[in-house]
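> One predicted model, sequence on top.
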Amino acid sequence: MNDKQLTGEVYYPSKDVIKHANAKCEKLYEEAEKNLEGFWEKEAKNLKWFKKWNKVLDDSEKPFYKWFVGGKTNIAYNCLDVHVETYRRNKLALIWEGEKGEFRSFSYFALRREVCRFSNILKSLGVKKGDRVTLYMGRIPELMIGMLACARIGAIHSVVYGGFSVEALHERLEDSQSKVLIVADGSYQRGKIVQLKQIADEALQRAATVESVLVVKRTGEDVYMEPGRDMWYHELMNLPIANNSCSVEQVDAEDPLFILYTSGTTGKPKAILHTHGGYMVGTYTTLKYVFDIHEDDRFWCAADPGWITGHSYIVYGPLLNGATSFMYEGAPTHPYPNRWWQMIEKYGINILYTAPTAIRGLMRYGEAWPNRHDLSSLRLLGSVGEPINPEAWKWYYRVIGKENCPIMDTWWQTETGMFMITPLPCTPLKPGSGTKPFPGLKMDIVDEDGKPVKTNEEGYLVIKTPWPAMMRTIYNDPDRYVQQYWSRFPGMYMTGDSAKRDEDGYYWIIGRVDDVIKVSGYRLGTAEIESALVSHPSIAEAAAIGLPHDVKGNAIHAFVILRVGYEKSDKLIEELRQHVGHEMGPIAKPEHIDFVDSLPKTRSGKIMRRVLKARALGLDPGNISTLEE
Ligand code: WT7
């Protein structure tokens, strides 16, 4: 790959980077290409199984693929116990810094102890294998402990991002039929307190299945505690029942590990289901090769555990690899724009993995802030969540990585569970491209009829081979799984993105082709924003679209029709924004709201967001033959 002349602007990795890499590039691609199942089987053997699988891949019921069938394992066991039994026992598994500057760390031994204690608490509350447990908090160690405790006893965790609000939480509690909710009293964000427990109380008034609420004390503010329902985490953890040891549930490879809600084309968010076995092998392997995890590495994935990035690469991937995961609670610029750089220096972070929006946000403050710090511990950088514009890529490469750290621009999704299009450390890079599919994966770009498009032509991004960390279904809705992902192009997984492939086979993601808006890398559905808007008494109809934004990538622009008797005003706009923030979460607040008299619709009544977007951008709306009169 290195000797071939590549087109465009190319950045080659240094000899040191190549030498250091776990992945011997060409060899890895060749091996996986030759024997996909053999490739994954070899990786699976690096992990601990209570019983070996009979079959690596079972594709007899497509698209319900199964991996490592017949195998018995437990991902939490592989994250903790396996290391505690080795010299890693005293190695740091997690380093945490709070927004106010507090510091906590856990060795593998200590983290397993806390997870065991909490597992015992969950069991004593009647949580059994297959039960759903919702977690709703900020970036604090208890979130990781809670997730791992669920996994240890075979319960299914459902983490709801701490930036979501009442209705979003309610919907997820209700759909998952969670028995237990683990919530923090509050969280810190930019020096302010978000009253998570208060939001949860309001959501619980709307949701009926939750029997127990466990409250983690983070802020120490007064919160309401409902007798018979609410209990303090720290009090429970001091009971004799919170024993230091707890046996591991030996689960089937295909037993569910977690569900995670994400926004889709229409209607309610979907509960994406991942399993113990395949997800474990996928996250372990991809992190090892892409971010080149070594024994002495401190890996910082700056995402939130409330999203898939945090599940796979703050919690599971780093621990499976026996690395040290770093977690920071707060905002990148609090109290000053050097906060991140200060922590990289302080903790000697080796790998930083973040989103383009964060880079663009920090870039605005100039180079002086990072230049005040010694960032020489950094070896690799990463980007995820949305396409990275070459300007931000180059700033990241030059100012943060000092031209020594390759940038792993990883394309993947909640549904894929693991990196799908990504460089390896030895891959020549082009700013803005995630380069190529991970070894063994076959992806393509196709036209309306499912036929591959020509070089440099835009089309639908599809996946043509199964992979171990793939979603198994939509929880409680297998039909929707088949219909949303596998029906448009038979035999191919539809990603929902459009992309191009250049003459070197490098992929360039363009963006979503469905009704998903990526705001600061966060995935939001137009339907959810619209239903939050129409739940306000003044709104009859609403449409939301994403428009380009310098820092956020996309910003939400809403068009609303008022009910009779309401007048448009700036005050109402602000009230509507607050209302969406209260129902969905601050990230969903529209940047702009326009009052309109009508919305462009098809004859069957579907809002044509494409037309609204074209109009707002002053572009030709394209084919409008289906537009109603
Ligand atoms: C969507 C998935 C799993 C990572 C976090 C997001 C967009 C993700 C990239 C990238 C261009 C990207 C796609 C994808 N996306 N990574 N490196 N370059 N676009 O997970 O919330 O499920 O969103 O994020 O549009 O479909 P998610």
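Yep, that arrived. Just so it is clear, the model here is predicted, and its values are computed rather than measured.
> List the buried residues in stretch 379-395.
Of all the residues in stretch 379-395, those buried under the rule 16 or more other CB atoms under 10 Å are 379-389, 392-395. Every residue, glycine included, has its C-beta placed from N, CA and C.
> Quick one: end-to-end length of that stretch, please.
Start-to-end span of stretch 379-395 (CA to CA, to the nearest Å) is 16 Å.
> In helices only, show me the buried residues of stretch 379-395.
392, 393, 394, 395 (DSSP state H).
> Check the residues you listed one by one and keep those near the ligand.
Near the ligand, judged by CB under 6 Å from any ligand atom, there are no entries from these.
> and the residues you listed as a markdown table, adding pLDDT and distance to residue 59?
As requested, those are exported to a markdown table (pLDDT from 0 to 100; distance: CB to CB, whole Å):
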| residue | pLDDT | distance to residue 59 |
| --- | --- | --- |
| 392 | 97 | 40 |
| 393 | 98 | 38 |
| 394 | 98 | 42 |
| 395 | 98 | 44 |
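> now, which of those residues sits nearest residue 66?
residue 393 (38.3 Å; CB to CB).
> ok, that closest one to residue 429 distance?
9 Å (CB to CB, to the nearest Å).
> try residue 502
From residue 502 to residue 429 the distance is 13 Å (CB to CB).
> So for those two, which sits in the more crowded spot?
Neighbour count, other CB atoms under 10 Å: between residue 502 and residue 429, residue 429 has more, with 22 against 15.
> quick one: contacts for the more buried one?
Shown in contact with residue 429 (CB atoms under 8 Å, 6 or more residues apart in numbering): 10, 11, 12, 13, 406, 407, 409, 423, 435.
> what about burial for the residues you listed, which qualify?
Applying 16+ other CB under 10 Å to the contacts of residue 429 flags 13, 406, 407, 409, 423, 435 as buried.
> about what we covered before: among the buried residues of stretch 379-395, which lie within strands?
Among these, the ones falling in strands (DSSP state E) are 380, 381, 382, 383.
> which parts of this structure sit against the ligand?
With CB under 6 Å from any ligand atom as the criterion, the chain meets the ligand at residues 262, 307-309, 384-387, 409-414, 434, 495-497, 509, 512, 518, 523.
> List only those of the residues you listed flagged as buried.
Buried among these (16+ other CB under 10 Å): 262, 307-309, 384-387, 409-414, 434, 495-497, 509, 512, 518, 523.
> any idea how far residue 449 is from residue 489?
Distance, residue 489 to residue 449, using CB to CB: 9 Å.
> go on, residue 41?
From residue 41 to residue 449 the distance is 35 Å (CB to CB).
> same deal with residue 179?
Distance from residue 179 to residue 449, counting by CB to CB: 47 Å.
> Tell me which of these two has more neighbours.
Shown here are residue 179 and residue 449; by other CB under 10 Å, residue 179 has more neighbours (19 against 6).
> among the contacts of residue 429, which are in helices?
Short answer: the contacts of residue 429 have none in helices (DSSP H).
> Check the secondary structure at the residue nearest to residue 320 when sequence neighbours are not counted for me.
The shortest distance from residue 320 to any non-neighbouring residue, by CB to CB, 6 or more residues apart in numbering, is to residue 284 (4.0 Å). Under the three-state scheme (DSSP: H, G, I helix; E, B strand; the rest coil), residue 284 adopts helix.
> what's the burial count for residue 284?
Residues lying near residue 284 (other CB under 10 Å) number 28.
> doesn't residue 40 make contact with it?
No - between residue 284 and residue 40 there is no contact under CB atoms under 8 Å: 10.7 Å.
> Give me the contacts around the longest helix along the chain.
Identified as the longest helix of the chain according to DSSP H is helix 108-124. For helix 108-124, the surrounding residues in contact (CB under 8 Å, 6+ apart) are 76, 80-81, 83-84, 88-94, 106, 133, 141, 144-146, 148-150, 152-153, 155, 180, 214, 236-237, 239, 241-246, 322.
> so after it, what's the next helix or strand?
Sequence order places strand 132-136 as the next helix or strand after helix 108-124, per DSSP states H and E.
> for the helix or strand following that next one, packing partners?
Using DSSP H and E, the helix or strand that follows strand 132-136 towards the C-terminus is helix 141-153. Here helix 141-153 touches helix 75-79, strand 92-97, helix 108-124, strand 132-136, strand 156-159, strand 180-184, strand 256-262, going by 3 or more CB pairs under 8 Å, 6 or more residues apart in numbering; DSSP states H and E.
> how about the ones you listed in JSON lines, adding mean pLDDT?
Formatted as JSON lines, the helices and strands packed on helix 141-153 follow (pLDDT from 0 to 100):
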{"stretch": "helix 75-79", "mean pLDDT": "98"}
{"stretch": "strand 92-97", "mean pLDDT": "98"}
{"stretch": "helix 108-124", "mean pLDDT": "98"}
{"stretch": "strand 132-136", "mean pLDDT": "98"}
{"stretch": "strand 156-159", "mean pLDDT": "98"}
{"stretch": "strand 180-184", "mean pLDDT": "98"}
{"stretch": "strand 256-262", "mean pLDDT": "97"}
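> residue ranges of the helices in the stretch 201-350 of the chain, please?
Along the stretch 201-350 of the chain, the segments classed as helices by DSSP state H, counting those that start in this stretch run 233-236, 276-290, 308-310, 317-320, 339-347.
> For residue 201, which of those helices is the nearest?
Nearest of the helices of the stretch 201-350 of the chain (CB to CB): helix 233-236, 16.3 Å.
> What's the mean pLDDT across that closest one?
Predicted confidence along helix 233-236 averages 98 (mean pLDDT).
> Most remote residue from the middle of this structure, which is it?
Most distant from the centre of the chain: residue 565, at 42.3 Å, with distances by CA atoms, centre = their mean.
> From the ligand, how far out is that one?
Relative to the ligand, residue 565 is positioned 39 Å away (CB to the nearest ligand atom, to the nearest Å).
> for residue 472, same thing?
For residue 472 relative to the ligand (CB to the nearest ligand atom), the value is 16 Å.
> Over to residue 238?
37 Å.
> Please apply the same query to residue 23.
In terms of CB to the nearest ligand atom, residue 23 sits 18 Å off from the ligand.
> Residue 297: what's its closest spatial neighbour, skipping adjacent residues?
Nearest residue to residue 297, sequence neighbours excluded (CB to CB, 6+ apart): residue 350, at 4.7 Å.
> Specify the beta-bridge partners of residue 547.
Legend: beta-bridge partners of residue 547 under DSSP bridges are residue 555.
> Sweet, I'm off.
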